[in-house]
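Asker: give me the fold of what follows.
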Amino acid sequence: MSLNDRIVTAATVLIAVCAVVLTTNNVLTAYRRSRQPTTSAIGAVPDWPAYAAGSLRLGPSAPLVQVVVFSDFECPACKRFAERMTSLLRTSNGNLGLVFHNYPLPSHLRAREAANAAACASAQGQFQSFHDRVFSGVVPGSALEWASFAAALPVADSAGFMKCLKSEWADSLVQADVRMGDRLGVNATPTILIGDSLYSGLPWDLEKIIAAQVARARAPLANN
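Answerer: The predicted structure is shown next:
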């Protein structure tokens, strides 16, 4: 066999091997997706509407389906939930809303101040901007960083925001959220209420769970 023939044969074998590897990888990827675990609710909360009351909201004030989350601004899983929920809200055609409750974990050193800051931003009508900006970056850790953060939102009253950050008013709102979470039995973030179903942690199939809830809520309307 000539050198050229050997090169052609080697190239053919290499292409065949690559094709097999690529095909196998595609099959395995499709299998993993089809076998992706669903997430079961850990319980039902009959008085869930009591938890759907709050001043920190995303989306319409009276949506078809209200999702409630107890969250921590330094929690990686909360960040992933925020990203996925923001996408769902954007495409929900007004059917979906989110009530956000602060539940800063003691192990996250900046989370409590960030929770206060969320209340202060909301007081100036900037909770949506605050929520999206914090979860897309790093939680500020100093007064100078918070001042720069407030200016970038922007809030109308930066001085008022900075004063609010250390206020008893903001502390009391955050503490009220924490007490509400304690009553619900929150022990991890995010803890999520979708309808009366309670989920501890971020469900793998969040989108499917919410889509099913929206479909159930819309069914009686379609029959009228």
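Asker: immediately after the helix-or-strand element of the chain with minimal mean pLDDT, which helix or strand?
Answerer: In the chain, the helix or strand scored least confidently by mean pLDDT, DSSP states H and E is helix 3-34, which has a mean of 46. Sequence-wise, the next helix or strand downstream of helix 3-34 (DSSP states H and E) is strand 43-44.
Asker: name the helices or strands packed onto that next one?
Answerer: strand 197-200 (3 or more Cβ pairs under 8 Å, 6 or more residues apart in numbering; DSSP states H and E). Glycine gets a C-beta too; all of them are placed from N, C-alpha and C.
Asker: what count of nearby residues applies to Ala170?
Answerer: If you count neighbours by other Cβ atoms under 10 Å, Ala170 ends up with 22.
Asker: report the contact partners of it.
Answerer: Asn116, Ala117, Ala119, Cys120, Cys164 (Cβ atoms under 8 Å, 6 or more residues apart in numbering).
Asker: do you have the strands of the protein handy? List them.
Answerer: Assigned strands in the chain, in chain order: 43-44, 57-58, 65-71, 96-102, 191-194, 197-200 (criterion: DSSP state E).
Asker: between the ones you listed, which one is nearest to Gln175?
Answerer: Closest of these to Gln175 is strand 96-102, at 9.1 Å (criterion: Cβ to Cβ).
Asker: what are the pairing partners of that closest one, and which direction each?
Answerer: According to DSSP bridges, strand 96-102 has the following sheet partners: strand 57-58 (antiparallel), strand 65-71 (parallel).
Asker: contacting residues around the longest one?
Answerer: Residues outside strand 65-71 that contact it (Cβ under 8 Å, 6+ apart) are 48, 51-52, 54, 78, 81-82, 85, 95-103, 177, 180-181, 184, 186, 189-195, 210, 213-214, 217.
Asker: how much space separates Gly181 from Lys208?
Answerer: From Gly181 across to Lys208, the span is 25 Å (Cβ to Cβ, to the nearest Å).
Asker: go on, Pro49?
Answerer: 23 Å.
Asker: and Pro190, by the same measure?
Answerer: Distance of Pro190 to Lys208, computed by Cβ to Cβ: 17 Å.
Asker: what about those two, which has more around it?
Answerer: Pro190 (25 against 12).
Asker: OK, contacts around the more buried one?
Answerer: Listed by Cβ under 8 Å, 6+ apart, the contact set of Pro190 reads Val69, Phe70, Ser71, Asp72, Cys75, Ala77, Cys78, Phe81, Gly201, Leu202.
Asker: chain neighbours aside, what residue packs nearest to Ala143?
Answerer: Of all residues not flanking Ala143 in the chain, Met162 sits nearest, at 7.0 Å (Cβ to Cβ, 6 or more residues apart in numbering).
Asker: what's around that neighbour, how many residues?
Answerer: Neighbours of Met162 using other Cβ under 10 Å come to 16.
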